[in-house]
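J.: coordinates for the following, if possible.
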Amino acid sequence: MTTETLGQRIKKERLAQAMTQRDLAEAAGITVPYVSKIEAGKETPTEEKIIRLAEALRLDADELTLAAGRVPQDVMNQLTADPKKALEFLRTMPK
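T.: Numbering: from 1, shown residues only. Here you go, the predicted structure:
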């Protein structure tokens, strides 16, 4: 099973919504070259920019954060509060 990258996910959603890179850049307050680099996997946006991209694409910001290989801070706080319980829970998840 191949995991979808953040850039692939953003591009797929952008195209599904018939948006150009310019449309997305303007809606998210970033530049067109930066959108291009994200989609090509050459840039990983900050959490703030991921949130703006998610809003522009009407997606859940946490979903995009995970696609970027990061864990949302509130989730990380819960996991680190009780690591043993967190690991037990994560091990019950289907692969």
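J.: residue 15 and residue 78, how far apart?
T.: Noted for residue 15: a distance of 34 Å to residue 78, by Cβ to Cβ, to the nearest Å. Where C-beta positions appear, they are placed from N, C-alpha and C, glycine not excepted.
J.: so for those two, which residue has more residues nearby?
T.: residue 78 (14 against 11; other Cβ atoms under 10 Å).
J.: so the residue sitting furthest away from the middle of the chain versus residue 76, what's the distance?
T.: Computed with Cα atoms, centre = their mean, the residue of the chain farthest from its C-alpha average is residue 84, at 26.7 Å. Distance from residue 84 to residue 76, counting by Cβ to Cβ: 16 Å.
J.: before we move on, the earlier item: which helix or strand contains the residue farthest from the centre of the chain?
T.: Assigned by DSSP states H and E, residue 84 belongs to helix 83-91.
J.: other SSEs contacting that helix?
T.: The contact analysis (3 or more Cβ pairs under 8 Å, 6 or more residues apart in numbering; DSSP states H and E) places helix 83-91 against helix 73-81.
J.: give me the pLDDT value at the residue nearest to residue 53 when sequence neighbours are not counted.
T.: Excluding the flanking residues, the one nearest residue 53 by Cβ to Cβ, 6 or more residues apart in numbering is residue 28, at 4.9 Å. Note on residue 28: pLDDT of 98.
J.: pretty sure residue 28 is touching residue 50, no?
T.: No: counting by Cβ atoms under 8 Å, residue 50 is not a contact partner of residue 28; they are 9.5 Å apart.
J.: in contact with the residue nearest the centre of the chain, which residues?
T.: Centroid-nearest residue in the chain: residue 64, 1.8 Å away (criterion: Cα atoms, centre = their mean). Residue 64 makes contacts with 6, 9-10, 50, 53-54, as judged by Cβ atoms under 8 Å, 6 or more residues apart in numbering.
J.: helices of this protein, start to end?
T.: With DSSP state H as the criterion, the chain has helices at 6-16, 21-28, 32-39, 47-57, 61-67, 73-81, 83-91.
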